[in-house]
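Engineer: Dropping the sequence and predicted coords here.
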Amino acid sequence: MSQYLRHLRAMASDRLNALRFGNQRHDPRPSDLLKQFESFGDNCEFGLVQRYCGAEPLGLLRFVFSDLDKLIHGLDTDFQDYGQSGDLELHTGSDDVTYCRSRHFGFPYIVHRTGSDEGPDKIIRREYKKVAYLKRRLLEDLASGNKIVVRKGDPANTGQARERLIRALRRHGRTTLLHVTASEAEVTPGHVEWEGDGLLHGVVRRFAPYERAADLDLRSWLLICTNADRLIRGLEPVSALPKPPNLLPWRHRRARVHRGGSGASVPGNAQVGLEVFGYQHAVGTFDREEVYVLSAWIWIPIGFEGSEVRPAIGHLRLSWRYADLLIRDAWQFVWVSALIPKPFDKIFVGLVVVGAGEEGVRSVNWRFEMSPAPFMSDAPAILRNSDRECA
């Protein structure tokens, strides 16, 4: 197919995607959608889902590791003992990260990372105030019934566990519980259905490993939340998220070879061998409450001796997957997402390579979308001789 015909096909696809995307925008924007949910654990994964969608709601249990029995006990007692005098304590893990935990409930969460100059006395005073405020706010939200409570995991005795949690929640108000489990062979990820009065069950493709909570499947989480919201509003669930239009001009989507010396340097950057391959994209009309994501397929050759390959939206990042330098002579999917603040009217989008070398790194199928999660197309075939260098 000629380059001109490929261009026409891409333009037609963009227009169709824009129509489909617009037709589904009666759903709340992701940042507003995720604020309707309250994380009840069992760890911080759903709290990160909210962050990656551009939402930062205050939540007592948003980044807490919570045992189900202790969580139910807290609901049954209005969390009365949580955050009382002498209840909170600090401890430092093997990773030099300081955690705050409750002597009554456990509920550990990170409060301090290496490099901060806060002392323990200042930290513990702040956490007592924070827990008191968030506890009061949570009980008010549960009484109003306006939040959807999300609990993930708990595979053992799932039915009994959910019934106990529903009873504890309903003691406070008409709150809806969304219980999320990992996908089984017969259930499509993103599927949500009513399983009882005030009980929704959703299926995510996979959970993030506990030691890498940021390695989550954002797209299926976002589909679950979309469908839960639609069911509560009396609408039919959807089988997939709409494919947003690609905001990149055609010339910046094509296959490229990024060789050392053909990119641009970054003024004031002291990192040896760092080059950028891309352009300044106009963002004056962008919605500053929306998350934008840049993605591409990357091919790193066996002989590559550089130290970093990553997509970039300026210096901003919200969630990301950079190139794995251990994967050679194979395609890998990379992305970075960001909220773009108002002062920007243009921002760099493209690839950052440290030590590109003469053989270079290849890229193809670039997409820049208004979405928290990238649309992942199928892995491309081997690049042809028509591939050209980045300017």
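Structural biologist: Alright, I've got the coordinates.

Engineer: Check Arg384 and give its pLDDT.
Structural biologist: Looking at Arg384, its pLDDT stands at 50.

Engineer: Please apply the same query to Leu19.
Structural biologist: 43.

Engineer: What is the neighbour count of Phe79?
Structural biologist: As a burial measure, Phe79 scores 24 neighbours (other CB atoms under 10 Å). Bear in mind the C-beta positions are built from the backbone N, C-alpha and C, glycine included.

Engineer: And what about it, helix, strand or coil?
Structural biologist: coil (DSSP: H, G, I helix; E, B strand; the rest coil).

Engineer: How much space separates it from Ser265?
Structural biologist: Distance, Phe79 to Ser265, by CB to CB, to the nearest Å: 54 Å.

Engineer: what do you get for Val353?
Structural biologist: Taking CB to CB, one finds Val353 at 12 Å from Ser265.

Engineer: Overlap in contacts, those two.
Structural biologist: Any residue near both Val353 and Ser265 by CB atoms under 8 Å, 6 or more residues apart in numbering counts here, and that gives Leu274, Glu275, Val276.

Engineer: picking that back up, mind checking which of Val353 and Ser265 has more residues around it?
Structural biologist: Taking neighbours as other CB under 10 Å, Val353 and Ser265 compare with Val353 leading, 29 against 11.

Engineer: got the contact list for that one?
Structural biologist: By CB under 8 Å, 6+ apart, the contact set of Val353 is His258, Gly260, Gly263, Leu274, Glu275, Val276, Phe277, Gly306, Glu308, Val309, Val361.

Engineer: Is the fifth one within a helix or a strand, and which one?
Structural biologist: What it means is Glu275. Using DSSP states H and E, Glu275 maps to strand 274-282.

Engineer: helices and strands around that strand, which ones?
Structural biologist: With contacts taken as 3 or more CB pairs under 8 Å, 6 or more residues apart in numbering; DSSP states H and E, strand 274-282 sits against strand 256-258, strand 308-313, strand 346-354.

Engineer: For the first one, enumerate the helices and strands it packs against.
Structural biologist: Yep, that's strand 256-258 we're talking about. Packing partners of strand 256-258 (3+ CB pairs under 8 Å, 6+ apart): strand 274-282, strand 361-370, strand 388-389.

Engineer: Count the residues that sit near Ala214.
Structural biologist: Counted with other CB under 10 Å, residues neighbouring Ala214 total 15.

Engineer: Equivalent analysis for the one 10 residues further on, please.
Structural biologist: Neighbourhood size, Ile224 [other CB under 10 Å]: 28.

Engineer: what does Trp194 give?
Structural biologist: 13.

Engineer: Same question for His104.
Structural biologist: 19.

Engineer: can I assume it is in contact with Phe79?
Structural biologist: No: with contact defined as CB atoms under 8 Å, His104 and Phe79 do not form a contacting pair (9.2 Å).

Engineer: Mean pLDDT per helix and strand in this structure: which one sits at the bottom?
Structural biologist: Taking mean pLDDT, DSSP states H and E as the measure, the chain has strand 388-389 as its least confident helix or strand, at a mean of 42.

Engineer: returning to what we had before: right, and out of the contacts of Val353, which lies closest to Ala185?
Structural biologist: Lowest distance from Ala185 to those (CB to CB) belongs to Val309, with 35.1 Å.

Engineer: In which helix or strand does the spatially closest residue to that closest one that is not a sequence neighbour reside?
Structural biologist: Nearest non-adjacent residue to Val309, counting by CB to CB, 6 or more residues apart in numbering: Ala323, 3.8 Å away. Using DSSP H and E, Ala323 falls within no helix or strand.

Engineer: Show the pLDDT at Ala323.
Structural biologist: Ala323 carries a pLDDT value of 98.

Engineer: OK, contacts around it?
Structural biologist: Counting by CB under 8 Å, 6+ apart, Ala323 touches Ile298, Ile300, Glu308, Val309, Arg310, Gln332, Val334, Val361.
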